[in-house]
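K.L.:
Attaching a predicted model along with its sequence, questions to come.
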Amino acid sequence: MKNNEQLEEALEKLWIYLEEKPQLGNTSEQFFRRELQLPLERLVQEGLIRVTDGTLCLTPAGKTEAALAIRRHRLSERLFHDIIETDQGDDMEAAACQVEHIVKKGIEEKICRLLGHPETCPHGKPIPPGDCCRKARESKEKFVAPLTSLKPGECGTIAYIKTGDSKKLQKLMVMGVLPGNNIELNASFPSFVFSVDYSQYAVDADMAVAIIVKRGGA
């Protein structure tokens, strides 16, 4: 499919109605023209939908492209919600809509791995899995995880700090907890003890869970 934002958005709407909400039962061409104002002629020309006796359905190619469009959008929502910590409102939705159209396959998979291959968006809707998700399940890979998930002696690289508390963020940054720095968990009881930048620190679970680590390395 040619890169076209209007077509991608149309496919997202079709996916939601045809794949996620089949109980709505309305697949008529008139409904999609009247209610959703979709460019049906373009979608037919691209081989993405088929209209038979006034009933519309996605072609196999259309299902593939629609799933990819939904995946990019919902991964973008997770990116803004989990890392940039944008609220679940109009700002997050608008930002996700902008980003999804410029995310290419290679970048999409990197975002997915960074987020730990999430299965749902911040609203609880399913994210269609990609090849990277299937490979991760087979290898039991969890690319990023909170420091609390590591075992004593396990090392990694700090990916990001997940907290909206500016005081907590400042405390961690003073300790040298910065993206790109190597980190090792030394102990997990009675507090979480870790080494970073040749220094050792102890924090409680509430602080430790905010430190998101790329496992392996260092």
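P.N.:
Right, received. Where do you want to start?

K.L.:
can you list the domain ranges for this structure.
P.N.:
The record's domain split for the chain, according to automatic domain parsing, is 1-140, 144-215.

K.L.:
Adding mean pLDDT and mean neighbour count, write these out as TSV.
P.N.:
C-beta here means a position set from N, CA and C on the backbone, and glycine is covered the same way. As requested, these are exported to TSV (pLDDT from 0 to 100; neighbours: other Cβ atoms under 10 Å):
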stretch	mean pLDDT	mean neighbour count
domain 1-140	81	16
domain 144-215	91	16
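
K.L.:
Let's see the helix or strand residue 63 falls within as PDB, backbone CA atoms only.
P.N.:
Using DSSP states H and E, residue 63 sits in helix 60-78. Written as PDB, here are the backbone C-alpha positions of helix 60-78 (Å, rounded to 0.1, in the frame of the first residue of the first chain):
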ATOM      1  CA  PRO A  60      -6.200 -10.600   3.200                       C
ATOM      2  CA  ALA A  61      -3.900  -7.800   2.100                       C
ATOM      3  CA  GLY A  62      -6.300  -5.300   3.800                       C
ATOM      4  CA  LYS A  63      -6.200  -7.300   7.100                       C
ATOM      5  CA  THR A  64      -2.400  -7.300   7.100                       C
ATOM      6  CA  GLU A  65      -2.200  -3.500   6.400                       C
ATOM      7  CA  ALA A  66      -5.000  -2.700   8.900                       C
ATOM      8  CA  ALA A  67      -3.300  -4.800  11.600                       C
ATOM      9  CA  LEU A  68       0.000  -3.000  11.000                       C
ATOM     10  CA  ALA A  69      -1.700   0.400  11.200                       C
ATOM     11  CA  ILE A  70      -3.400  -0.500  14.400                       C
ATOM     12  CA  ARG A  71      -0.100  -1.900  15.800                       C
ATOM     13  CA  ARG A  72       1.800   1.300  15.000                       C
ATOM     14  CA  HIS A  73      -0.900   3.500  16.600                       C
ATOM     15  CA  ARG A  74      -1.200   1.500  19.800                       C
ATOM     16  CA  LEU A  75       2.500   1.200  20.200                       C
ATOM     17  CA  SER A  76       2.800   4.900  19.800                       C
ATOM     18  CA  GLU A  77       0.200   5.300  22.500                       C
ATOM     19  CA  ARG A  78       2.200   3.100  24.800                       C
END
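
K.L.:
Residue 168 versus residue 210, what's the distance?
P.N.:
6 Å (Cβ to Cβ, to the nearest Å).

K.L.:
My error: substitute residue 117 in the last question.
P.N.:
Separation of residue 117 from residue 168 (Cβ to Cβ): 26 Å.
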